[in-house]
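A.B. asks: with the sequence up front, the predicted model follows.
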Amino acid sequence: MRLVKSITETKKIIKLEKNKGKIIGFVPTMGYLHKGHLSLVHIARRKSEFLVVSIFVNPTQFSPDEDLKKYPRDMKRDLKSLKQEGTDLVFYPSVKQIYPSDYKTYVQIKDLSRLLCGVSRPHHFRGVTTVVLKLFNIIKPDIAVFGQKDYQQAVIIKRMVKDLCLNIKILLGKIIREKDGLAMSSRNIYLSTQQRENATVLYQSLKWVKWSFNDGLTNPKKAIKKIRVMIKQNSGKVDYIVAVNKNTLEPVKRLKKGTLIALAAYFGKTRLIDNTIL
Ligand code: AMP
């Protein structure tokens, strides 16, 4: 496994591999890897012949009041896990490599970036699509794997790939959870013991809505109201709860098979997201 910081060097290595006719697989991450990330790496490994994982904490997707500076990092552990998963190249650029001082270009996906997480994080997806497109241009993957955990992100990336005619197949990996159902996240380490316990309500509320839907519930307002109460009872502060079409992310009038239930809530200062598809 090679660890490469330089864009030029990475491009050179990948060009050689492409010339050999290899399928390039790619998983972008911000590091501090957990089993959720590694499940995506595993999918990419199976579907490709040269596997690239990037570790880059992307400053443009954080707003000034967010956790960029204290975002957790553990390069040593990440490299060990990635090696075990059979990664061929870890791309680990510096911020200056990605955003030199004369950097001016941003990619913005209309409408989709303004909904759900985009309401409270208005610049977030512009940062995500900008860095992902740049990473795509450096790595030139044939396939790239994203997690359903960040469902809106995956929809936006798929839109970008389609709109800009990129020749990349986007695959989605399912949400990997802790034993008690909490979706794995690098940010879970910010939670106190009590907050960690309370946060399991997110999964419980999604399970409740699935169960109720199977039992005949079709009114999205009722579902959202009940989830809101459940989260509040567990000292969570709701950012949003939505029942939306899984492709357009527009609200649905009735719950049906394929409806996306997505939510974000704060436990203390930590903002967690989760979702399920009915
Ligand atoms: P991040 O490092 O948070 O930028 O995440 C990198 C990738 O891992 C994204 O595609 C996420 O959706 C995915 N991911 C994060 N948490 C999980 C999880 N619990 N299960 C599956 N994929 C995840």
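C.D. replies: Thanks, I have it.
A.B. asks: quick check: residues of the stretch 51-200 of the chain near the ligand?
C.D. replies: Residues of the stretch 51-200 of the chain lying close to the ligand (CB under 6 Å from any ligand atom) are 146-147, 149-150, 173, 175-176, 183-186. Glycine gets a C-beta too; all of them are placed from N, C-alpha and C.
A.B. asks: now the helices for the stretch 1-150 of the chain?
C.D. replies: Taking DSSP state H, counting those that start in this stretch to define them, one finds helices in the stretch 1-150 of the chain at 7-19, 35-47, 75-84, 95-98, 117-120, 124-139.
A.B. asks: do I have it right that Y190 meets K269?
C.D. replies: Yes. Here Y190 reaches K269: they are 7.2 Å apart, a contact under CB atoms under 8 Å.
A.B. asks: between those two, which is the more surrounded one?
C.D. replies: With other CB atoms under 10 Å as the criterion, Y190 and K269 differ in neighbour count, and Y190 comes out ahead with 19 against 10.
A.B. asks: skipping adjacent residues, who's closest to the more buried one in space?
C.D. replies: T270 (4.4 Å; CB to CB, 6 or more residues apart in numbering).
A.B. asks: the one you found and L182: what is the separation?
C.D. replies: To L182, T270 is 12 Å away according to CB to CB, to the nearest Å.
A.B. asks: which neighbours do these two have in common?
C.D. replies: Taking CB atoms under 8 Å, 6 or more residues apart in numbering as the contact rule, the neighbours common to T270 and L182 are N188.
A.B. asks: picking up where we left off before, which of the helices of the stretch 1-150 of the chain sits closest to L249?
C.D. replies: Using CB to CB as the measure, helix 117-120 is the one of the helices of the stretch 1-150 of the chain that comes nearest L249, at 9.3 Å.
A.B. asks: next, the buried residues of that closest one.
C.D. replies: For helix 117-120, the neighbour count (16 or more other CB atoms under 10 Å) marks 117-118 as buried.
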